[in-house]
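**Q** All I have is the shape, not the residue letters:
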């Protein structure tokens, strides 16, 4: 076995056997992965580092890696010894240099970097078709698709208004505009196929056609709003508690319940996978400041799990069949979560530079991600449990938003341009045929 193969196997082993819980720290100078090859297997019975590590970036011999800790040192030692023995009996070892500390992890979490997408000139013409759209602002800051599967409606934010229409309306350059106000920033899919918008001192709820059905007064600047059939969960600027408000407006003060961070910028209603046996709706709350994702149960005073999104998280998307997708810009990766009975992280997929916009196609089990560093949109089929790159296409510059339309095509937009890109179902199918590969995308971290 050559060294490159050994390095890849070591990375995959670490992804599988060293799951981390809690905060992550970048300890480049103190922890390294080194591959040693032996003519015969050897086993270890102890761990030399005080905290068990998990690789979340592509490891090569001697390359720095990022680490995390388990809740207790006892568990760390037990899991570490078992996992290292497995690796060493396979002819590989991961050598960890110097010590690690939990305080370092916590400090890194509190100082998570705020990142921005990269805008570079297009080197290739955009795939599909482009169209200049009559927008109230410079571009579209968000794109969200309603939950209607037959003819979904796509909404975006532009210049203090919600721009809404079918895929045909967008590609014809004539989606309609709905007044919101310049203090409205977060647009989300609401339960039942509508949309919600978080604003200062109020939350707006629209049906799937853009008709306002609720205008709820709240005390404070709402940063996100997740709407179920009877309640809306709201996060506020400068507050660590989520508040729940009944949709009928009977309680204007709301009920403060579970705690999150202060940097929440997106909330996403997640419909459970029918195969999971769960009928509970969850809300996935994205905290950009902490680069974390928290699962909460709207209307319940119940703590959900909170997981780290790599480093420098960009956006989250999904919600259908219990799947949530997040982009990690500092690690050039996307991460796959499920939110049925509890929030779980399943996979990390490395992709092109500065990934930002993400979308989930539940029909084809394909994850789409835009790379603002390469002006590409890439599709990964995860139906087998192992991500396989199936298509790569070119995008408009600064493509920060992407959604899947009702036919399986893609609609892509930028906050800096009125040009909207549409890649039809046939064009997507052609790209999938040209880019189909039987090789999985490495490195892959899959969690049970």
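**A** Cool, got the structure. Predicted model only: the values in this text are computed from it and were never measured. Numbering: from 1, shown residues only.

**Q** where's the residue most central in space within the chain, which helix or strand?
**A** Compute the mean C-alpha point of the chain, and by CA atoms, centre = their mean the closest residue is residue 326, 0.9 Å away. Assessed by DSSP states H and E, residue 326 sits inside strand 323-328.

**Q** Any chance you could list what contacts that strand?
**A** 268, 270, 273, 284, 286, 291, 293, 309-318, 333-339, 343, 348, 355-360, 362, 367, 369 (CB atoms under 8 Å, 6 or more residues apart in numbering). C-beta here means a position set from N, CA and C on the backbone, and glycine is covered the same way.

**Q** could you point out which element follows that strand?
**A** Where DSSP H and E defines the elements, the next helix or strand beyond strand 323-328 is strand 333-339.

**Q** The stretch 51-200 of the chain: helices as residue ranges?
**A** 73-89, 102-110, 167-171 (DSSP state H, counting those that start in this stretch).

**Q** can you check the stretch 301-448 of the chain too?
**A** Using DSSP H, counting those that start in this stretch, helices in the stretch 301-448 of the chain cover 425-435.

**Q** tell me the contacts of the residue lying closest to residue 171 once chain neighbours are set aside?
**A** The shortest distance from residue 171 to any non-neighbouring residue, by CB to CB, 6 or more residues apart in numbering, is to residue 422 (4.6 Å). Residue 422 makes contacts with 128-131, 167, 170-171, 405, 409-412, as judged by CB under 8 Å, 6+ apart.

**Q** again, only using 6 Å
**A** By CB atoms under 6 Å, 6 or more residues apart in numbering, the residues touching residue 422 are 128-129, 171, 411.

**Q** Check residue 198 too.
**A** Residue 198 touches 186, 222-225, counting by CB under 6 Å, 6+ apart.

**Q** from those, which ones fall inside strands?
**A** Counting by DSSP state E, the contacts of residue 198 place 186, 222-225 in strands.

**Q** Out of these, grab the one that's most surrounded.
**A** Neighbour tally across these (other CB atoms under 10 Å): the maximum, 30 neighbours, falls on residue 222.

**Q** if I read this right, that one contacts residue 232, doesn't it?
**A** No - the criterion here is CB atoms under 6 Å, and residue 222 misses it with residue 232 at 9.4 Å.

**Q** residues shared between the contacts of the two?
**A** Common neighbours of residue 222 and residue 232 (CB under 6 Å, 6+ apart) are residue 203.

**Q** Any idea what the residue nearest to residue 145 when sequence neighbours are not counted is bridged to?
**A** Using CB to CB, 6+ apart and skipping the chain neighbours, the partner closest in space to residue 145 is residue 403 (4.4 Å). Beta-bridge partners for residue 403, by DSSP bridges, are residue 411.

**Q** Check residue 367 too.
**A** Beta-bridge pairing of residue 367 under DSSP bridges involves residue 360, residue 380.

**Q** and it, what pLDDT?
**A** Note for residue 367: predicted pLDDT of 98.

**Q** what's around it, how many residues?
**A** For residue 367, the neighbour count with other CB under 10 Å is 26.
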